[in-house]
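Chemist: Got a predicted structure here, sequence first:
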Amino acid sequence: MTASSFHPGPIGVFDSGFGGLTVLRALGKALPAHDFVYLGDTGRAPYGGRDTEVILDLSEQCVERLFDEGCRLVVVACHTVSSVALRHLQRRYASEAVGQAPRRVLGVTIPAAEAAVQRSRKIGFIGTARSVASGTFAIEAEKLGASEVSLRAAPLLAAIVEQGWEDTEIARLAVARYVADWPHIDTLVLGCTHYPLLVSAFEAALPKGVAILDPAPFVAERLREWLLRHQGYAVPRADGRGTLRVLSSGDPSAFALHGARFLGAALPLIEHVAEERSRLVPRARPSAPVGQVVR
Ligand code: DGL
């Protein structure tokens, strides 16, 4: 059974939180006629300090939610998930039952490594503790010919951005501290979906001549090429105007408030999802009674 024998769906994009909206922004620019469904797992973020096993479990739930929303192609925008869980997700969902539409899961680590290696041999990568501990970016960049790759974990930065503090002294001090005395790099890869909001803090902290690389436009270009080679997973709308749905496991109003900064545009109504028996399911309103019974 080929992919084109089935109905195409929207493109699913998943991140631990708001950060992946910076990737969605680039995807929307490259593919404006495609429909997207974005899932931000803000209710359970941050992922960056969690055990790999937990990340596998959470990311399976998110990918399955997006498949249940009709997506047949899911882009894992989160570098942490891409670093530790992508191969697992690809193996788990690539095998098709008879009559079931083929599904695919793509990530961000290889496009990020390709983009870095194209321009540099002395690469720095900054990301979450789990991304850095996995070493996945360095492995991929070295396979592509990078001669020196150094990695640094910056556990505070995603939280600072989630808080909306990216333009504050706290952000500038934290970034400066994390990149201090980083020897011999000419390109710094922003290896976390939150960090593009900290670009000016990185520019201020890094020596002149170190290029800052946001992988999102390269991820978008790779996806555009992938869709040309793989027909039938997602097709553009004839009127050229793709749609966007946004799901969040956290507080929808907080998502709406912060999310626009990441997307650079207004968000549609946020649809709430919540974990129930190890699955993420739509949640219109709290299912448990609130308040206390007076005795
Ligand atoms: N979205 C994650 C990433 O790109 C960072 C935030 C988190 O720790 O959940 O790695």
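Modeler: Sure thing, it's come through.
Chemist: Quick one: residues contacting the residue of the stretch 1-150 of the chain at minimum distance from the ligand.
Modeler: With CB to the nearest ligand atom as the measure, residue 48 is the residue of the stretch 1-150 of the chain nearest to the ligand, at 2.7 Å. Every residue, glycine included, has its C-beta placed from N, CA and C. Residue 48 makes contact with 16, 80, 127-131, 155, 158, 192 under the criterion CB atoms under 8 Å, 6 or more residues apart in numbering.
Chemist: could you flag which of the residues you listed are buried?
Modeler: 16, 80, 127-128, 130-131, 155, 158, 192 (16 or more other CB atoms under 10 Å).
Chemist: Quick check: closest non-adjacent residue to residue 50.
Modeler: Spatial nearest neighbour of residue 50, excluding adjacent residues (CB to CB, 6 or more residues apart in numbering): residue 130 at 6.6 Å.
Chemist: meant to ask about residue 191, not that
Modeler: Counting by CB to CB, 6+ apart, the residue nearest residue 191 is residue 127, at 3.3 Å.
Chemist: Could you double-check that that neighbour lies in contact with residue 157?
Modeler: No. Using CB atoms under 8 Å, residue 127 is not in contact with residue 157; the gap is 9.2 Å.
Chemist: hey, what's in contact with both of those two?
Modeler: Taking CB under 8 Å, 6+ apart as the criterion, residue 127 and residue 157 both touch residue 192.
Chemist: ranges for the strands of the stretch 1-150 of the chain?
Modeler: With DSSP state E, counting those that start in this stretch applied, the stretch 1-150 of the chain shows strands at 11-15, 36-40, 73-76, 104-106, 122-127, 148-153, listed in chain order.
Chemist: nearest to residue 253, of those strands?
Modeler: strand 36-40 (13.4 Å; CB to CB).
Chemist: Show me what the closest one is packed up against.
Modeler: Using 3 or more CB pairs under 8 Å, 6 or more residues apart in numbering; DSSP states H and E, the elements in contact with strand 36-40 are strand 11-15, helix 21-30, helix 52-68, strand 244-248.
Chemist: Same list, the ones you listed, but as CSV with distance to residue 110 please.
Modeler: Output for these, formatted as CSV (distance: least, CB to CB, whole Å):
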stretch, distance to residue 110
strand 11-15, 17
helix 21-30, 14
helix 52-68, 17
strand 244-248, 25
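Chemist: ok, and which of the ones you listed has the densest surroundings?
Modeler: Of the helices and strands packed on strand 36-40, the one with the most neighbours on average (mean count of other CB atoms under 10 Å) is strand 11-15, at a mean of 28.
Chemist: Distance from the chain centre to the helix or strand harbouring residue 225, please.
Modeler: Per DSSP states H and E, residue 225 falls inside helix 216-229. Relative to its parent chain, helix 216-229 has a centroid offset of 15 Å by CA atoms, centre = their mean, to the nearest Å.
Chemist: From the contact counts, what lies against that helix?
Modeler: Using 3+ CB pairs under 8 Å, 6+ apart: helix 216-229 touches helix 21-30, strand 104-106, helix 109-119.
Chemist: one more time with 6 Å, if that's ok
Modeler: In this structure, helix 216-229 packs against helix 21-30, helix 109-119, with contacts taken as 3 or more CB pairs under 6 Å, 6 or more residues apart in numbering; DSSP states H and E.
Chemist: Present those helices as TSV; the columns should include mean pLDDT and distance to the ligand.
Modeler: Output for the helices and strands packed on helix 216-229, formatted as TSV (pLDDT from 0 to 100; distance: least, CB to the nearest ligand atom, whole Å):
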stretch	mean pLDDT	distance to the ligand
helix 21-30	97	9
helix 109-119	97	10
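Chemist: Enumerate every residue touching residue 194.
Modeler: 19, 158, 161 (CB atoms under 6 Å, 6 or more residues apart in numbering).
Chemist: quick one: it from residue 109, how far?
Modeler: 16 Å (CB to CB, to the nearest Å).
Chemist: again, but for residue 140
Modeler: 6 Å.
Chemist: Look at those two and report which has more neighbours.
Modeler: Using other CB atoms under 10 Å as the criterion, residue 140 and residue 109 rank with residue 109 on top: 26 against 21.
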